[in-house]
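Trainee: turn this into a model:
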Amino acid sequence: MNTAFYNELAPQLKAHQATLIAVTKNQPLSALQELYDFGLRRFGENRVQELCEKQQQLPADIEWHLIGHLQSNKVKYIAPFISYIHSVDSLKLLEEINKHAAANNRIIKCMLQCYIASEETKYGLDEQELIDLLNDPNFKTLQHIEIVGLMGMATNTSDTKLIAQEFKHLKNIFNQIQSQFFSTQKSFKELSMGMSSDYQIALACGSTMLRIGSMLFNP
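Mentor: Residues are numbered from 1 along each chain as shown. Have a look, this model is predicted:
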């Protein structure tokens, strides 16, 4: 574990009242155990199969976050234990999560992924699709999911002005959605944005959850 980086990051997290999601994809169990022994408990994975394999072999008090694209037919594998799903991008997927959460007598916290980048390879809802989803009568029937915020990925670029512009755009969408749909729901408070390359910009723009992987691990 790169403790020097974490010691530099920790006061920034505290100052911005943000939390760290340690992105552990492609890392061996020994590296995750090292993070755990250091005191970290929130781990994020991109792929369902890798997530399930690691969850079975690591301590039970880890809070697992699914941060990658999720296919509906794979929800059943993570529904028994997943804490947060950051990457919900359709009502169909929400309905599937709700079905499997109900089967496991759980309520699963979800974030709606918004498309804010200038890259076609990114997933997510645009603003109108987001509003349409939240206004859909079927959405209001889902009792085993809880929408706790939004997630977004900025363009993979060295242009910091563009990244800041995209993060500020997501923050504005968050404020609008919070006011319009979740004004009485205190749990709608999370803004999952920022990774190893752009976390400082994300914090300045209002991120409450950083998804950081490579910087946490020694080269």
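Trainee: chain center to the helix or strand harbouring L94, what's the gap?
Mentor: Using DSSP states H and E, L94 maps to helix 91-103. Offset of helix 91-103 from its chain centre (Cα atoms, centre = their mean, to the nearest Å): 17 Å.
Trainee: and the residue nearest the centre of the chain, what is it in contact with?
Mentor: Central residue of the chain (Cα atoms, centre = their mean): H86, 3.3 Å from the mean position. By Cβ atoms under 8 Å, 6 or more residues apart in numbering, the contact set of H86 is G44, H65, L66, I67, M111, Q113, M151, S192, M209, R211. The C-beta positions use only the backbone N, C-alpha and C, and glycine is treated the same way.
Trainee: so the third one touches F81, yeah?
Mentor: Yep, that's L66 we're talking about. No: at 10.5 Å, L66 does not count as touching F81 under the criterion of Cβ atoms under 8 Å.
Trainee: now the helix or strand that the helix holding L94 is followed by against helix 91-103, angle please.
Mentor: Downstream of helix 91-103, the first helix or strand assigned by DSSP H and E is strand 108-114. Orientation check (axes from the mean of the first three to the mean of the last three Cα atoms, to 10 degrees): strand 108-114 against helix 91-103 gives 170 degrees.
Trainee: tell me the mean pLDDT for strand 108-114?
Mentor: Averaged over strand 108-114, pLDDT sits at 98.
Trainee: quick one: list the elements packing against that strand.
Mentor: strand 84-88, helix 91-103, helix 127-135, strand 145-152 (3 or more Cβ pairs under 8 Å, 6 or more residues apart in numbering; DSSP states H and E).
Trainee: for this structure, which segments are assigned as strands?
Mentor: With DSSP state E, the ranges of strands along the chain come out as 19-23, 42-45, 63-66, 84-88, 108-114, 145-152, 190-192, 209-212.
Trainee: how about a markdown table for those strands, with distance to I201 added?
Mentor: Output for these, formatted as a markdown table (distance: least, Cβ to Cβ, whole Å):
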| stretch | distance to I201 |
| --- | --- |
| strand 19-23 | 16 |
| strand 42-45 | 19 |
| strand 63-66 | 21 |
| strand 84-88 | 18 |
| strand 108-114 | 17 |
| strand 145-152 | 12 |
| strand 190-192 | 13 |
| strand 209-212 | 11 |
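Trainee: for Q165, find the nearest of the ones you listed.
Mentor: Nearest of the strands of the chain to Q165, taken as Cβ to Cβ: strand 145-152 at 12.2 Å.
Trainee: now that closest one against helix 127-135, angle please.
Mentor: 170 degrees.
Trainee: contact partners of the longest helix along the chain?
Mentor: If you go by DSSP state H, the chain has its longest helix at helix 160-181. Helix 160-181 is contacted from outside by 114, 116-118, 127, 130-131, 134, 149-150, 152, 154-155, 157, 188, 191, 193-194, 198, 201-202, 204-207, using Cβ under 8 Å, 6+ apart.
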